[in-house]
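Enquirer: Sequence below, structure please.
(one chain, ligands or ions: 1)
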Amino acid sequence: MGPYSSILTKQQSFFRTEKTKNLTYRIDALEKLRSKIKANEQPLMDALRADLNKSEFDAYTTEIMIVLEEIKFAINHLQSWAKPRKVKTPITHIGSKSYIYPEPYGVTLIIAPWNYPFQLAVAPLIGAIAAGNCAVIKPSELTPTTSEVFAKLISEIYPEEYITVVQGGVETSQALLEEKFDYIFFTGSVSVGKVIMGAAAKNLTPVTLELGGKSPCIVHEDANLKLAAKRIAWGKFVNAGQTCVAPDYLYLHKSIKAPFLQFFQEAIKDLYGEALENRNFTRIVSEKHFQRLSSFLDNGKLFIGGNTNKKRLQIEPTVLTEITWEHPVMQDEIFGPILPVLEYESIDDVIKGIENHPKPLALYLFSEGESIQKKVLNQVSFGGGCLNDTVYHLGSPHLPFGGVGTSGIGSYHGKGSFYTFSHEKSILKQTTKFDLPFRYPNVKDGLTKI
Ligand code: NAD
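Expert: Sure thing, here's the model as predicted:
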């Protein structure tokens, strides 16, 4: 018996009561979540300020609003998602009908990271509830204020046997992984993703792994440079670069390097001014990450920024040029406000460079040319991304969001969240009016009378 066995037993018994499968129950649970979040926007924004110095604007748009939209979308579509779907039946199965019944897995575990500590705990929960599951959520220990507010909100609207939050760090997470859950949804780093999958394998528990990696951003010679600069600056420096789908590094066509970087410098100024004096610029989550990021500042040539405030754990938007794949900053996901720049002459070299490394979670291409767009989309494998924008794809409930290769397994958002947390049970409903003889050995007659 582990420390969390009793929670699991309670949730398993509750799941067996069938209450969570009832559609009205699920919609009511989503409505409760929506009202609770709406009534607690200020405490949530205050907590995100305390943990990461997130501005109210960022806290609202990138955490609260995203989940409110997801809840609305799920409530509006749940009835049609949850219905058994009739599908075609082949001629060989004549007389029968075929259906797919989505069913909840049962008791699920959601483990969340610190970078969007509220959004990344709630968004999967919406899918778990919509699909009719129970859930245990383990938020990040690195954002304790947000995790505390989140745990309080959840305990005020749901009984523990339905949905509960367990707070704690690595040991808590590992103790939870000792239990036999019916599904595990993990968001975090690639290395911990491997630990999660190893633990899940012991019980053959299915998983979704939302991981990370180095997401390239390519600016081709025919791009709208000014707009590209603004959209890349926002996608990279929102949340101080601590975004799983932030452009990790830039691939700039040699011919537009100078004008692009000029626009980029202006875009950063427009968005953040003097970032270290801007009370709304997000800080780095911990001293350890601050040190790790600071060690990259001498890579290549410092082109923009480079200043830090150690006391407040802030690093200003920084651009490094004259970078090669050998620099330390190019070895792992950066996850901070530092943007290294590689240059290229041929798009084939870009494709080769990306393909020599693990499959990215996101890829962004700025180009007006359809043939370049097609070439990159056809040749390079990556989780998802945008043409002529950054990060925005993750806000659409119609686009399943997830990685491929080491950047992740599975996807969610919108309908994708419902299916992620559902098993699709295939059912063939056979007729008893006649029996086809061909399937049986030694039968020569036509239709057999029953
Ligand atoms: P992390 O992997 O260190 O931690 C994530 C969660 O796992 C936390 O709740 C933590 O307590 C737990 N954990 C840590 N070590 C563990 C272990 N050994 N065993 C069991 N549980 C453990 O990730 P992080 O630093 O919180 O987040 C940053 C990473 O998450 C980045 O790599 C980023 O790209 C990725 N990320 C991915 C997405 C996505 O949607 N794909 C979103 C946000 C962040």
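
Enquirer: Helix, strand, or coil at the residue of the stretch 1-150 of the chain at minimum distance from the ligand?
Expert: Nearest to the ligand in the stretch 1-150 of the chain, going by CB to the nearest ligand atom, is Pro113, at a distance of 3.0 Å. Just so you know, the C-beta spots here come from the backbone N, C-alpha and C atoms, and that holds for glycine as well. Using DSSP: H, G, I helix; E, B strand; the rest coil, the structure places Pro113 in coil.

Enquirer: Same check on the one 3 residues further on?
Expert: Per three-state DSSP, the local secondary structure of Tyr116 is coil.

Enquirer: And for Val319?
Expert: Relying on three-state DSSP, one would call Val319 strand.

Enquirer: Flag every residue of the stretch 351-450 of the chain that's near the ligand.
Expert: Leu361, Gly403, Gly408 (CB under 6 Å from any ligand atom).

Enquirer: Output these as TSV; include the columns secondary structure.
Expert: Output for these, formatted as TSV (three-state DSSP):
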residue	secondary structure
Leu361	coil
Gly403	coil
Gly408	strand
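
Enquirer: And for the residue of the stretch 1-150 of the chain closest to the ligand, the neighbour number?
Expert: 23 (other CB atoms under 10 Å).

Enquirer: what do you get for the one 10 residues further on?
Expert: In terms of burial, Ala123 registers 25 neighbours under the definition other CB under 10 Å.

Enquirer: that older thread, by neighbours, which of the residues of the stretch 351-450 of the chain next to the ligand wins?
Expert: The most crowded member of these is Leu361, carrying 30 neighbours; neighbours defined as other CB under 10 Å.

Enquirer: Now do the contacts for that one.
Expert: When contacts are counted by CB atoms under 8 Å, 6 or more residues apart in numbering, Leu361 is found next to Leu211, Gly212, Gly213, Ser215, Cys244, Val245, Phe382, Gly383, Gly384, Gly403, Ser407, Gly408.

Enquirer: elements contacting the helix or strand containing Ile372?
Expert: Here Ile372, judged by DSSP states H and E, is contained in helix 370-379. Counting contacts by 3 or more CB pairs under 8 Å, 6 or more residues apart in numbering; DSSP states H and E, helix 370-379 packs against helix 347-355, strand 362-366.

Enquirer: Packed most tightly, which of those would that be?
Expert: Of all those, strand 362-366 has the most neighbours on average by mean count of other CB atoms under 10 Å, namely a mean of 27.

Enquirer: Could you list every helix and strand in contact with that one?
Expert: By 3+ CB pairs under 8 Å, 6+ apart, strand 362-366 packs against strand 216-219, helix 225-237, helix 370-379, strand 384-387.

Enquirer: Stretch 315-333: which residues count as buried?
Expert: Ile315, Glu316, Pro317, Thr318, Val319, Leu320, Thr321, Ile323, His327, Val329, Met330, Glu333 (16 or more other CB atoms under 10 Å).

Enquirer: just those now: which is nearest Glu161?
Expert: Glu333 (37.8 Å; CB to CB).

Enquirer: tell me the contacts of the closest one?
Expert: Ser189, Val190, Gly212, Gly213, Lys214, Asp248.

Enquirer: now Ile66
Expert: So Ile66 contacts Gln119, Ala123, Gly395 (CB under 8 Å, 6+ apart).

Enquirer: go again using 10 Å as the cut-off
Expert: Going by CB atoms under 10 Å, 6 or more residues apart in numbering, Ile66 touches Tyr60, Tyr116, Phe118, Gln119, Leu120, Val122, Ala123, Leu394, Gly395, Pro397, His413.

Enquirer: where along the stretch 201-350 of the chain do the strands fall?
Expert: 207-210, 216-219, 249-253, 301-304, 308-309, 314-315, 318-321, 338-344 (DSSP state E, counting those that start in this stretch).

Enquirer: Which strands and helices lie in contact with the third one?
Expert: Right, strand 249-253. Packed against strand 249-253 by the contact rule (3 or more CB pairs under 10 Å, 6 or more residues apart in numbering; DSSP states H and E) you find strand 216-219, helix 225-237, helix 257-272, strand 318-321, strand 338-344, helix 347-355, strand 362-366.

Enquirer: and what of the fifth one?
Expert: Helices and strands in packing contact with strand 308-309 are listed as helix 287-294, strand 314-315; criterion 3+ CB pairs under 10 Å, 6+ apart.

Enquirer: Save these as a markdown table, and put in mean pLDDT too.
Expert: Listed next are the helices and strands packed on strand 308-309 as a markdown table, based on pLDDT from 0 to 100:
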| stretch | mean pLDDT |
| --- | --- |
| helix 287-294 | 98 |
| strand 314-315 | 97 |
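
Enquirer: hmm, back to that, quick one, which of the helices and strands packed on strand 249-253 is nearest to Leu68?
Expert: If you check each of the helices and strands packed on strand 249-253 against Leu68 by CB to CB, helix 225-237 wins as the nearest, at 21.2 Å.

Enquirer: tell me, how many neighbours does Leu23 end up with?
Expert: 13.
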